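Trainee: what follows is a predicted protein model with its sequence.
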Amino acid sequence: MSTPNQPISGNDLARFSGPNTFMRLPQAGVLEGVDVAILGIPMDIGTSWRSGTRFGPKQVRAESAMIRPYNIQSGAAPFDSLNVADIGDLAINTFSLPDSLRIIRESYAMILSSGVIPMAIGGDHSLTLPILRAVAERHGPVALVHVDAHADVNDEMFGERETHGTVFRRAYEEGLINPRKTYQIGLRGTGYAATDFTEAQGWGFQQFVAPELWHRSLSPLGAEIRRDIGEAPVYVSYDIDSLDPAYAPGTGTPEIGGLTTAQAMELIRALRGLNIVGCDMVEVSPPYDPSGNTALTAANLLFELLCVLPGVTYR
């Protein structure tokens with residue numbers, strides 16, 4: 001077996017230079033020999049409030065240059081055993097959401113057919129629906145860990161059925177996810193009616209609202225989810241607005257009273273051992289955070305997700 005790809009070391013090339021790939025990994029034009037593919041989906045045409053997530057992939061990649069390859073806190077050394085590459089951005093149609101969703105689904109069908117685990121950098125949350133369509137075609141209905149301030153189970157938004165706020169209703173209706181193994185974590189804010197959350201509970205979704213999680217470690221919750229899911233294939237969708245705006249202000253629909261970065265790391269690390277077949281980090285909107293802190297946080301949480309994928313070596 002050839003040596004897996006390694007991020008460029010900051011001791012070999014200054015971190016403010018080099019390629020604008022995730023963690024300055026090699027960029028791959030083909031999927032042969034790749035275990036994990038990092039890809040950008042630069043779109044915000046599915047948003048309902050503040051735009052700007054089209055700039056998310058570029059900024060997350062830029063902030064990821066600071067991340068080193070060994071997770072000293074958890075002991076994970078993902079680049080020892082997994083061949084990880086950045087495959088660039090999907091060429092979405094910036095003038096058409098339906099066409100962009102088609103492009104994403106077809107692209108993912110090809111990626112998944114190669115046996116690769118895809119990790120997407122968004123982009124608004126509408127991109128998760130075509131991903132789940134492609135994932136379900138390959139794996140059947142999957143378990144879902146969805147970390148978000150919003151349940152995203154609206155029926156329509158301005159008459160449209162495919163937007164960033166309708167993703168998981170469509171996924172449920174189309175049988176893309178197992179509703180009894182669907183977990184929504186960090187929900188909060190205001191709504192239009194009491195049924196904004198409770199309807200999905202009736203489908204079988206397990207929902208954990210943010211106030212119930214305040215001042216608590218999320219390691220036990222993550223462990224419970226891991227035991228409940230078992231060996232089933234699982235998709236992880238992480239909306240950066242699950243975090244309190246104090247930690248991640250650069251997002252389209254911020255809600256106060258959210259999770260902390262420490263809780264986010266605890267939750268992700270507790271998912272180690274799951275059969276994760278794909279994941280995404282969405283709704284990073286750099287124009288609303290000139291400091292870059294939101295993108296830095298997203299990059300580090302993506303690295304944490306990489307560290308719990310199947311096959312990762314721990315030292």
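Mentor: That came through fine.

Trainee: where along this structure do the helices fall?
Mentor: Secondary structure of the chain, counting by DSSP state H: helices at 56-63, 78-81, 97-113, 128-139, 167-173, 195-203, 210-213, 219-229, 261-270, 293-306.

Trainee: next, format those as JSON lines and append distance to Ile8 and mean pLDDT.
Mentor: From N, CA and C alone the C-beta is placed, and that goes for glycine too. Shown next, in JSON lines, are the helices of the chain (distance: least, Cβ to Cβ, whole Å; pLDDT from 0 to 100):
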{"stretch": "helix 56-63", "distance to Ile8": "13", "mean pLDDT": "98"}
{"stretch": "helix 78-81", "distance to Ile8": "12", "mean pLDDT": "96"}
{"stretch": "helix 97-113", "distance to Ile8": "24", "mean pLDDT": "97"}
{"stretch": "helix 128-139", "distance to Ile8": "28", "mean pLDDT": "98"}
{"stretch": "helix 167-173", "distance to Ile8": "35", "mean pLDDT": "98"}
{"stretch": "helix 195-203", "distance to Ile8": "43", "mean pLDDT": "90"}
{"stretch": "helix 210-213", "distance to Ile8": "37", "mean pLDDT": "97"}
{"stretch": "helix 219-229", "distance to Ile8": "32", "mean pLDDT": "98"}
{"stretch": "helix 261-270", "distance to Ile8": "24", "mean pLDDT": "98"}
{"stretch": "helix 293-306", "distance to Ile8": "15", "mean pLDDT": "98"}
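
Trainee: which one of those helices lies nearest to Gly40?
Mentor: helix 56-63 (2.9 Å; Cβ to Cβ).

Trainee: that closest one versus helix 293-306: what angle between them?
Mentor: 80 degrees (axes from the mean of the first three to the mean of the last three Cα atoms, to 10 degrees).

Trainee: what packs against helix 56-63?
Mentor: strand 36-41, strand 117-122, helix 293-306 (3 or more Cβ pairs under 8 Å, 6 or more residues apart in numbering; DSSP states H and E).

Trainee: out of these, which is closest to Pro57?
Mentor: strand 36-41 (2.9 Å).

Trainee: tell me what angle the closest one forms with helix 97-113.
Mentor: Using the same axes, to 10 degrees, strand 36-41 lies at 170 degrees relative to helix 97-113.

Trainee: about what we covered before: any chance of a markdown table for the helices and strands packed on helix 56-63, columns mean neighbour count and distance to Glu156?
Mentor: Listed next are the helices and strands packed on helix 56-63 as a markdown table, based on neighbours: other Cβ atoms under 10 Å; distance: least, Cβ to Cβ, whole Å:
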| stretch | mean neighbour count | distance to Glu156 |
| --- | --- | --- |
| strand 36-41 | 25 | 23 |
| strand 117-122 | 25 | 22 |
| helix 293-306 | 23 | 29 |
